[in-house]
Each structure stands twice: as C-alpha cells, then as structure tokens.
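K.L.:
make a model of this:
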Amino acid sequence: MSGVGALVAEAAARAGPWPGDVPFLDNLELLVGSCRGLNTVGAEVLHKAAVRHLRNLRYLRAYVDEHPDAARRPLDGAVVISGLPRTGTTLLHNLLALDPDHRVLRFWEALHPVPPDAGGPPAEALQAQAERWLDGFRRLVPAFGAIHRATATGPEECDALLQNTFASQHFDDMFDAPAYSSWMAGAPLTDEYAHYALQLRVLSGPGTRWALKSPSHLGHLDALLAALPGASVVLLHRHPHEAVASYASLIRTLRRAYSDEVSSDDVGRQALARTSTAMRRALGVPVIDVSYAELVRDPVAVVRSVYAGVGRPLDAGVEAAVRAWTVAHPQHEHGPHRYDLAEFGLTGDQVDAAFGDYMERFRS
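P.N.:
Okay, the predicted model is just below:
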C-alpha cells in the first residue's frame, strides 16, 4: 500500500492535478494508517479504492467549476432509508425504486458520480465498467452473494458517495482499522455530508425526488438532515440479536478476502459496539418507523405506510409493481444467509445491555 502522497499523485496522473489542497486527506491518512493485518489482496484493494475515490473528488471539482449552477440545485423531498445493518433496508429501497417519480443512485453511477455528459465515458461504458467491477468482486468474495446482491444498473447504497470523502462504514466493514473505526463512531462528518449532498445535486435534474438508502447514516442522522433539509428518514427495526449477528457475519465474510487472519470474536465485538453506538446517536431523531418482520410479511402494506408518512398517496401502478417484484424476488432467492451470535463470542444478554433504551422501546 502506497503512502497518501503517492496515491494523490497517481490519481492526479489520471484525472488531472488538483487545484489547491486535496480535501479529506486527513480521513484517508487515518484509514491507511490504521488498517492492520491486510494481505496482498487487501492492500491492493485499498490502494485501488483510494485512487478511485481521489479521482472522483477531482472529477467532481472539475464538473462544478465548469457548471457552478449544479452546486445550487435543490434537493427537495428526499426519502432516506436507514437502520441497523441487515434490517431490510435493501429490500425497501428496491421497492421504492419501482416508483418512476423516485430517483435512485445506480451502482454504475456510484462508481463514477459525475454525469456522463461531462465529457467523460458515456453511460454505456460506465455500466460495462461496473459489470466488470462486480464480476471481480464476486470472484473475490463469492459468499457475499447470499448476503447482499448488487447489479450494475440496480439501486445502490448512497454510502458510496461518502466513500469519496473517505468517511464510510464500508471501509470499517472491509478492514480491521481500530483508530479509523473509533473516529467514525464519534465524528460529526459535517463537511463529508455537505460533499455527499453536492454529489447528489450534480446528479439531479429538474424536480428530482431522491430515494436513498444506507445503514451507515444511522449514527449521523443529524449531519444527514443538515445536508438534506426537509428529507424524510425511514428507520428499519429488527431485533438486535438477529441484526448484530447478521452484520457480524457480513463483516467477517468481507474481511476474509482482505486479511489472512480474521478473529470472529473481534468482529463480534466491533459489530456490537458499532451498531449500539450508532443507534444511541439516532434516538430522538424524528423518523418513520418500519418493522423488518412486517416488511417481510406484507411489503405492500409497509410501502403504503411509508408513503403515508411522507404525505404522498401510493399510486396503483406502483403498488402493482411492488406486488410483482416481491413475487419475482422471494426471500433468500440467492441462497440462505446463516449466522448466530455465539459464532462471534456474543450472548443475547450482552446485546440487550449494549442497546439499553432501544431494547426497552423495542420490547414495547
């Protein structure tokens, strides 16, 4: 893994030199400096990801310099899905994406969040590039398909935009980086979310209504809402015993590709600390509550309740599309994802204690 200066130079050689200071380098330096136990693949993946995100920063700066009005485009009526990891956020996002009035971030856009009309590669080339990226990831982490499925043209988590500021739960999941993890747990991320919103503005058109999704927002809802004033937050709820175990399994699956030694007990402790801290930070923020169990049992009713929560009627055509999608995509269609707290050195009592007030509210 190269030093941060070498990463900046490599990105500049491909995207052009940066006019002035490169933003968010402190975040990148913390990430690179605190990763431990990376194998050759892990070091290469971190290197390539860092260069890609630096290039995206440069591309965005160039676009905004040439199109200053893009930075002032409104972000009205956004719906943002969050919650503990592994609580059905992807399912609900896929259903909201069926509404043609919703704008979602597509996977190919997430890799290169600058409009294709900016003089870069056309959309078709970016989609083909995303397909190759996904093919490579599936070969590297084949077990991940049963946990989370992505397609080049399908909806993608908007946390991908935070990755361009090197402030992302995605890195926290992939790499064992204790100092970075501690920083993420308490950082305000005000500037990072402002840049996140700038990317959404650049990708917006007239009347765009975004439907966004990422569990990583859970611990930073104040920064999110400051960056997206007037947004509605939909919070998914699942019993923490299940959510924490499933999340720990996701982390372990990823890290085994990037580190030769992965401690399940360490992963369990990190998953529990991260989720309980994020939930404590989220308590008190006005949200639209959604039960994971209800979403699985009756997705149409849940979608209808979300629309009621944001003050919009559910169009009959969208409701029909939701029904058809859920029939075509049954739960576990890509294989079951099995997990248990004990695998990660955790007990139900530990999880209950860590979640405190949330568990009291959950029981009621």
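
K.L.:
show me which positions of stretch 255-270 end up buried.
P.N.:
255, 257, 258, 259, 262, 263, 264, 266, 267, 268, 269, 270 (16 or more other Cβ atoms under 10 Å). For glycine as for every other residue, the C-beta is placed from the backbone atoms N, C-alpha and C.

K.L.:
what's in contact with it?
P.N.:
Residues from elsewhere that reach stretch 255-270, judged by Cβ atoms under 8 Å, 6 or more residues apart in numbering: 37-39, 41-42, 45-46, 140-141, 173-176, 181, 244, 248, 251-252, 341, 343-346.

K.L.:
please apply the same query to stretch 57-69.
P.N.:
Contacts for stretch 57-69 (Cβ under 8 Å, 6+ apart): 11-12, 15-16, 18-19, 22-24, 70-71, 112-115, 118, 120, 164, 198-199, 202.

K.L.:
make it 7 Å
P.N.:
For stretch 57-69, the external contacting residues (Cβ atoms under 7 Å, 6 or more residues apart in numbering) are 11, 15-16, 18, 22-23, 70-71, 114, 118, 120, 164, 199, 202.

K.L.:
could I get the average pLDDT for that stretch?
P.N.:
When pLDDT is averaged over stretch 57-69, the result is 95.

K.L.:
just to revisit the earlier point, identify the farthest-apart pair in the buried residues of stretch 255-270.
P.N.:
257 and 269 (20.6 Å; Cβ to Cβ).

K.L.:
so residue 55 sits against residue 14, correct?
P.N.:
Yes. With contacts counted by Cβ atoms under 7 Å, residue 55 reaches residue 14, the gap being 5.9 Å.

K.L.:
which of those two has more neighbours?
P.N.:
The residue with more neighbours, out of residue 55 and residue 14, is residue 55; 20 against 12, by other Cβ atoms under 10 Å.

K.L.:
which of the helices or strands spans that one?
P.N.:
Taking DSSP states H and E as the criterion, residue 55 maps to helix 40-66.

K.L.:
in that helix, what's buried?
P.N.:
42, 45-47, 49-64.

K.L.:
ditto for stretch 307-314
P.N.:
Those would be 307, 309, 314, for stretch 307-314 by 16+ other Cβ under 10 Å.

K.L.:
how much space separates residue 261 from residue 255?
P.N.:
Using Cβ to Cβ, to the nearest Å, residue 261 is found at 9 Å from residue 255.

K.L.:
again with residue 141
P.N.:
Taking Cβ to Cβ, one finds residue 141 at 10 Å from residue 255.

K.L.:
repeat that for residue 91.
P.N.:
25 Å.

K.L.:
now do residue 15
P.N.:
Taken as Cβ to Cβ, the span from residue 15 to residue 255 is 29 Å.

K.L.:
likewise for residue 320?
P.N.:
Residue 320 is 41 Å from residue 255, by Cβ to Cβ.

K.L.:
what does residue 299 give?
P.N.:
For residue 299, the distance to residue 255 - Cβ to Cβ - is 32 Å.
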